[in-house]
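1. predicted model and sequence follow; I will ask about them next.
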Amino acid sequence: MLIFKNILKTLDKISVILAISLYYGSAAIAQSAPTSPASTSEKFTNTQISPTEQKIEDRSLQRDVATLKFLVEKYNCNDGSNPDLAVRDGQQIVGAASLFSERSEGKENRTRFAAGLQACIKEIDRLVAQKIDAPVTKEDLETIRRLQESYATELATLKTKVNSVEAKVAAVDKQQFSITTKLSGEAVLTMAGASGANPAVAGSGNANIAFTNRVRLNLTTSIPGGGTLITGLQSTNAGSASSIQSALGYNDPAGLNSSTVRLGSEVQFPVNPSSGNTPASLTPVANNNTRLYKLLYLQPVNSKLTAFVGTNAEVTDAFPQISPLFDDAQGSISRFGTTAAVTRASGGTSGFGLAAAGGVIWQPSTEFDVRALYGNINASVPGDSLVGGGLFGGSYIFGTQLTYKPSSNLGVALNYAFSSHKINILGTGLTSQDINAIPTNSAATSLSNRINLNSLGLTANYGITPNLDLTATGSLISSNLPGVDANATFTSWMVGGSLKDAFAPGNRLGILFGQPLNRSALGGTQAGANNATATPYQLETFYNIRVSDNVSITPGVFFVFNPEGIAGTPTTTVGALRTTFKF
């Protein structure tokens, strides 16, 4: 960019150069100049010989190239500040000139020559201005004036194009958000409706089509020393208690948005978990309020190890997703299909960034990726509230994931987590059984019991072809109530396929089938009745249409058989049209 600016300044100074040359002439400063090397011009040849006029033009350009070569050697125009300026086989080459060259070979040569000429004028101008001991001779200044006149059109074109480049660079400099921070954003707009209400709930019925939004702004800041700070802001009205779930009559006991009929873009907890000491006293989060949902700092320790810490994060921020289905803005439209159930334990993908977390990322080779973290659901609350208890009390999780990618088309992820929650919930948001996860024969105290979870999961993704991926995942959560003889086992599995460039480049077709999280076993002398009387299943398909690099539209539908694991309920059908904007 500095070279371009100097070129522009030089064009304005040509008249000054000519005036200065008279000063040197009157002072009788003479210096013998090397003989003009015009005879060496034969080294420059034009391989395309056409009419006589073209031959004359080529010979004239050959002489001018030889003259310029003479000036370059005499005044050391290529002083190292422009390593692309060189003379090779008698032809002046300037790397930047290719930016301005025309397709016609004759014009291309003249334009390249003009760029080399302008670079040499810059150096000669500097010598004249500094009045150094080896002055520029009057004859050489006259030569430069002649060359300027001969190539006035090319020099003017060069100036115009440099001005255009400078204007664009200036616009970028003026409009850029920050030299250290990158701003990115995502807006998800969803229209969705459903049928298949719970007949056992009075007032339930089909869910009318609702129009919801979720907007996220992320600031990624580079910190000296190689660190990265990620700050995320979110505003949404997707996840309130007034939802498809409530319209169909499948609300969970605490109103925490845990259901098999939830959309992937809906946030998990519609309440502020630090606002009360009982589920009934929790304050709802207002729609379209801007909240901090991500604050995370990453610092490389060495080439293979990175540490991270933050006050607001999701478990899935640390654990890589290996399936193209696992994307709540471009992939599956249901909450069940956006990630493996094991990674959702303890509010792992709440959408609110509940957990304060710290951990490490270790990549010993290109095939292996190992990550481990400690997270606390409400570390900002020092008191003994519903889920509070400070950084090391209340509700917390130790989680790890081993990802193995032996080839570009195969990935396997193994997850394990231990969680301890201050109240009797799993925190996955995948089913109403998540709340009061282990029912006891003392219903009055069941939800207030602490619960411990051991979660294990396996996910594999295999690319049969460059465009066709198959995904399979399974999760098992073993839970118990400390001090109470009651335990439960939850299971979930899914298989699916994803076809890239389906029907058109950039589009993706997905289909999946599986079992949403379900309480498959309940035991212990103090365990209550298992209200999961049937096994739920889900079938889903979606088609992501890439409108542009920044816009996609995804129509999709999913069917839930035996929703919430309740026998005798009709199949729930949820249809959605999701539009995603990224910038």
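-> Arrived safely, thanks for sending. Numbering: from 1, shown residues only.
2. who are the packing partners of the longest helix belonging to the chain?
-> Ranked by residue count and defined by DSSP state H, the top helix of the chain is helix 105-130. Helices and strands touching helix 105-130, by 3 or more Cβ pairs under 8 Å, 6 or more residues apart in numbering; DSSP states H and E, are helix 2-12, helix 14-26, helix 52-75, strand 91-93, helix 138-150, helix 152-175. For every residue, glycine as well, the C-beta is placed using N, CA and C.
3. can you give me the domain boundaries for the protein?
-> In the domain annotation for the chain, the residue ranges read 2-174, 182-582 (automatic domain parsing).
4. give me the nearest residue to the residue most central in space within the chain, chain neighbours excluded.
-> Among the residues of the chain, the one closest to the centroid is S184, at 7.6 Å (Cα atoms, centre = their mean). Nearest residue to S184, sequence neighbours excluded (Cβ to Cβ, 6 or more residues apart in numbering): N218, at 5.0 Å.
5. in a helix, the one you found, correct?
-> No: under DSSP: H, G, I helix; E, B strand; the rest coil, N218 sits outside any helix and is assigned strand.
6. who's in contact with it?
-> Applying Cβ atoms under 8 Å, 6 or more residues apart in numbering to N218 gives the contacts L183, S184, G185, E186, I230, T231, G232, L233, K294.
7. dump the domains of the chain into JSON lines; add mean pLDDT as well.
-> Formatted as JSON lines, those follow (pLDDT from 0 to 100):
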{"stretch": "domain 2-174", "mean pLDDT": "60"}
{"stretch": "domain 182-582", "mean pLDDT": "90"}
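8. sorry, back to before: just the buried members of the contacts of N218?
-> Neighbour-count burial (16 or more other Cβ atoms under 10 Å) applied to these gives E186, I230, T231, G232, L233, K294.
9. which single one of these is nearest to F583?
-> Within these, proximity to F583 (Cβ to Cβ) peaks at E186, which comes in at 7.9 Å.
10. mind checking the SS state of the closest one?
-> When classified by three-state DSSP, E186 comes out as strand.
11. how far off centre is stretch 245-259?
-> 33 Å (Cα atoms, centre = their mean, to the nearest Å).
12. ends of it, how far apart?
-> Distance across stretch 245-259, first residue to last, is 7 Å (Cα to Cα, to the nearest Å).
13. tell me which residues are up against it.
-> Outside stretch 245-259, the residues touching it (Cβ under 8 Å, 6+ apart) are 194, 196-198, 200-201, 203-208, 239, 241, 243, 260-262, 266-271, 279, 425, 428-436, 447, 563-564, 572.
14. can you put the buried ones among the contacts of N218 in a markdown table and add distance to G411 and secondary structure?
-> Formatted as a markdown table, the entries for the buried ones among the contacts of N218 read as follows, by distance: Cβ to Cβ, whole Å; DSSP: H, G, I helix; E, B strand; the rest coil:
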| residue | distance to G411 | secondary structure |
| --- | --- | --- |
| E186 | 24 | strand |
| I230 | 24 | strand |
| T231 | 29 | strand |
| G232 | 26 | strand |
| L233 | 31 | strand |
| K294 | 25 | strand |
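15. could you dump these to a markdown table with distance to G375?
-> Below are these laid out as a markdown table (distance: Cβ to Cβ, whole Å):
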| residue | distance to G375 |
| --- | --- |
| E186 | 23 |
| I230 | 16 |
| T231 | 18 |
| G232 | 16 |
| L233 | 21 |
| K294 | 13 |
